[in-house]
Structures are given as C-alpha cells and as structure tokens.
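A.B. asks: The following block contains a protein sequence and its predicted model.
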Amino acid sequence: MRITNLAREQHGERARVAADVVWETIDRPTSRIHFETIEPFAPDLALDPHAFLLAAIVPAFRAGEARIAIDGAVCPRLRNGLETVMQVLAQWYDSVRTLPKIEPRDGFRPPMPCPRPRTGMFLSGGVDSLAMLRCNRLDYPMDHPGSVRDCFFVYGFDIGMPGAGDQTSFFEQARRSLLPVIQDAGAELIPVYTNLRILDPEGSAWPDEWFGIATASVAHAFSGRISSALIAASLDIKGLVPVGSHPFLDQYFSSAGLQIIHDGAHMSRLQKIRLVADWAPALKSVRVCWAGVKVGGPLNCGQCRKCMRTMLGFLAIGKLDQAETFPVRQITPTMLHVIHIDNAHLLGFSNQLIENLRAIGRQDLADGLAKLNDAYVRRSRWEKDLGWRGALRRFDKKYLGGCLIRASRVVDRLAGRSA
C-alpha cells in the first residue's frame, strides 16, 4: 500500500486534508480519504501523515499488504505502538497475518507536541462518551491542561457510514442535540467529516479491530490543536473481551506529539448511566441508536438491542420517564427478545440490571434477563468444553463436524426471542 498525494483542499464551505490510498498486493481501486471540518476550525486541521497511516493500517493488515509506504515522516513511538497492536490483533483473531512494513518517505522522526497542552475527546452522544465528559468536568478544574476543551463529533463512523446514504441532515440534528451539553461543559463542539470507512466497505473490520484506531486517526488530524485525546471505554475491566477499542490497544496509537488515552474502563455500564441520568443536559441528549432513526424524529428508535439495554438501565435507576430521547416509556418482557447476551461485558451489565430491577419490583423483566443470561452461560460452558457438555462437544467436533454446536446456537437464539 502507498499513501501519497497528501494535500490541503477546500470542499465547499469545509476545509479538508486528503491523501490517496493505493493498494499494491490486492486488486482494489485507489481511494482518496479525507478529514474535513468547518471553517472556524480549519486552521487547526493538520496535514499529518499519522492520521492517514492510522486510518489505513488495519485494512492493509487484513488485506495482506506487504508494506505501507507513506509520504512524510512517522514517529518511532507510533511505529512501535502499531507493531504492538497488530501483533495483538493477530493473536486475537488470525495468527497467520503478516504485519505490513511501515516505510515513511522522510524516515522516522518524533514530532514536537503542541506548545500549549490542550485536551480533546470524542463525543458521540452515547452513554460512554457523555459519562466520560461528566467525569472530566467533576475531576478537573477548567484551567487544568487535563480539562476537556474540545469535543469531536464525527460524521462517517456510525452516522454516514458506507452504504447508509447521505445522513448529513440527521448528523446536524444530532449535533444540535449536543449543544446544551457542550454549553454546560464549557467546551467546543468540532464537527469532523471523514470517509475513511471506504477502505473496508463491508464493515467487517469495524467492531473487532478498527474503530479505536480510526477514532485516533481523527485526533491526529487535529494534532496542531490538541496534545491529548480521550477515547471513551466501551467495556469495563471485569467485562473485557477482544474489541477494536481496548485499554490495551488505544494507548499505542499515541505519537511523541499527541497522547491517546482510553478512559473510563474503571466504571461499570450502570455507573455510567447513573452519571448521565444525574446530568440534566446529558439526559436530554443521549443517542445510542444506530438504526431506525429518522430526521426530525427521536434520536433513538427505542426498539433495537442498544436502545433496549440503555432503556433498561434508565428504568432500573428510575429515570426512563425523563430520558426524552427514547420514544418508549414502558418496557414489557416481550420486548426483551431483541437482546442477545454474547460476551462477559453484557453478562455483567445484565446481572447489574437484574439486581436493580428486582429492587424496584420489576420481577418480570429481571426473570426475562435471567433466562438470557442462563442461555449465555450454558453456551459458554459448551464452547469451552466444560463438564459433560464439554465431552459431548469434543465428540461433536471430532465425529460430527460441529453440527451440534451450530444447532445449539440456533436454539439459544430462538429461546432468547421467546423470553
């Protein structure tokens, strides 16, 4: 792969930095990827090779590209970090992958940090990022260098992803919904527009490997403005599983000039929901939904699994009736069919919900979640070859080609829908 023709450009009323991504090992057309922002923040948009290197390295790694040749210099700290991350991803998902060699035209050279320390973060409107901003405001005085001054809101990640069509109107609606939060926090809201996800149009890399490093690439596109950037933790420590943004990965996306910080893994999901619920502007701005939204309508569909988990959290602490960005005020056990417990993090959150739902007298919902948890535990024990089911699984793998385990997963999914 070659990353070349880095340039500043003007795209309508927005300023842009862009580069060509040329595939060498596989037969794909050249892509021109970009980062854009509106004019008030145009002077801070940096033509930084690190932004493009971070945007492209996971697609290159997955596609088997032998190298990434890039115009400009690369920080040796970032190079070492990327080598670490790619080895971790290979260990997690595919040990036969080969790390592409990073070949900067101008060699390896550490950049200088911003002369004035300044902290930014990524604000999507979800529980993780809203809770992170609230914690920052509670922990740091406004004049401290660690106090968040800039919040980046990105078009091209969940809103405006490839294949979704033009969603700029909904992006603007979501941006406006965050303004009360930004005003209360005393920060700047910086809209950023990128098309980097065209490097993996099927989206298969995004959740497991790419979204943390892609987020960091946006931070490096503003390396002239900020000295550190916070990425909100998706998982708590007790529920860690391999995922694209992880406390072991995100720190390695730093350079000598810009520190990337994975923040909030010490808090459980329910703790974060409590923080958001106790902050009035945030409670009126929560957006967790990726599907079913319409311009001019609610920010959340109230029907998908992400909405349902979040609404259950607000219900469990007595705040669902105040969470006005969700169109649902009553939750029944039949609505739980959209929830699927498939990792330790979701199991832990579900257990917290069960305890709190029982405390407020919602035994029906607690029992429904308990059934989903039990199904996950049974499936997990089966897949880990534990107990007599493990012996049966080993027999299945050896003599039946895994037919029983596939049938078990189907049954569990059907049971979850009927719970």
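C.D. replies: Nice, I can see it.
A.B. asks: From here on, just use CA atoms for contacts and neighbour counts.
C.D. replies: Fine.
A.B. asks: Run through the residues that contact the residue most central in space within the chain.
C.D. replies: Centroid-nearest residue in the chain, with CA atoms, centre = their mean: residue 211, separated by 5.2 Å. Residues near residue 211 by CA atoms under 8 Å, 6 or more residues apart in numbering: 244, 245.
A.B. asks: Ok, residue 256 next?
C.D. replies: 75, 77, 78, 110, 111, 112, 113.
A.B. asks: Output the contacting helices and strands for the helix ranked longest in the chain.
C.D. replies: In the chain, taking DSSP state H as the definition, the longest helix is helix 363-383. Secondary-structure packing of helix 363-383 (3 or more CA pairs under 8 Å, 6 or more residues apart in numbering; DSSP states H and E): helix 344-359, helix 387-395, helix 403-418.
A.B. asks: Is residue 153 in a helix, a strand, or coil?
C.D. replies: strand (DSSP: H, G, I helix; E, B strand; the rest coil).
A.B. asks: my guess is it contacts residue 190, does it?
C.D. replies: Yes: applying CA atoms under 8 Å as the test, residue 153 and residue 190 come out as touching, 6.0 Å apart.
A.B. asks: Poorly predicted segments of this protein, please.
C.D. replies: 291-293, 383-394, 397-398, 405, 408-419 (pLDDT under 70).
A.B. asks: now do 50
C.D. replies: Applying pLDDT under 50 to the chain picks out residues 416-419.
A.B. asks: ok, which stretches of it are helices?
C.D. replies: Using DSSP H, helices in the chain cover 49-63, 76-93, 127-139, 168-185, 211-220, 269-277, 280-283, 305-316, 344-359, 363-383, 387-395, 403-418.
A.B. asks: JSON lines for these, including distance to residue 331?
C.D. replies: Shown next, in JSON lines, are the helices of the chain (distance: least, CA to CA, whole Å):
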{"stretch": "helix 49-63", "distance to residue 331": "40"}
{"stretch": "helix 76-93", "distance to residue 331": "37"}
{"stretch": "helix 127-139", "distance to residue 331": "20"}
{"stretch": "helix 168-185", "distance to residue 331": "25"}
{"stretch": "helix 211-220", "distance to residue 331": "31"}
{"stretch": "helix 269-277", "distance to residue 331": "17"}
{"stretch": "helix 280-283", "distance to residue 331": "18"}
{"stretch": "helix 305-316", "distance to residue 331": "8"}
{"stretch": "helix 344-359", "distance to residue 331": "12"}
{"stretch": "helix 363-383", "distance to residue 331": "8"}
{"stretch": "helix 387-395", "distance to residue 331": "35"}
{"stretch": "helix 403-418", "distance to residue 331": "15"}
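A.B. asks: Next, the angle helix 344-359 makes with the longest helix of the chain.
C.D. replies: Orientation check (axes from the mean of the first three to the mean of the last three CA atoms, to 10 degrees): helix 363-383 against helix 344-359 gives 150 degrees.
A.B. asks: pull the CA atoms of helix 363-383 into CSV?
C.D. replies: Provided in CSV are the C-alpha atoms of helix 363-383 (Å, rounded to 0.1, in the frame of the first residue of the first chain):
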residue,chain,number,x,y,z
GLN,A,363,-39.5,-9.2,38.6
ASP,A,364,-40.9,-9.9,35.2
LEU,A,365,-38.1,-8.1,33.4
ALA,A,366,-35.5,-9.5,35.9
ASP,A,367,-36.7,-13.0,35.2
GLY,A,368,-36.6,-12.4,31.4
LEU,A,369,-33.0,-11.2,31.6
ALA,A,370,-32.0,-14.1,33.9
LYS,A,371,-33.2,-16.5,31.2
LEU,A,372,-31.0,-14.8,28.6
ASN,A,373,-28.0,-14.9,31.0
ASP,A,374,-28.5,-18.6,31.7
ALA,A,375,-28.6,-19.3,27.9
TYR,A,376,-25.3,-17.5,27.5
VAL,A,377,-23.7,-19.3,30.4
ARG,A,378,-24.8,-22.7,29.0
ARG,A,379,-23.5,-21.8,25.6
SER,A,380,-20.2,-20.5,27.0
ARG,A,381,-19.6,-23.7,29.0
TRP,A,382,-20.4,-25.7,26.0
GLU,A,383,-18.0,-23.8,23.8
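A.B. asks: Run a quick neighbour tally on residue 49.
C.D. replies: 24 (other CA atoms under 10 Å).
A.B. asks: which phi and psi does the closest residue to it other than its chain neighbours have?
C.D. replies: Sequence neighbours aside, residue 72 is the residue nearest to residue 49 in space, at 6.2 Å (criterion: CA to CA, 6 or more residues apart in numbering). With angles defined as degrees, to the nearest 10, residue 72 sits at phi 110, psi -170.
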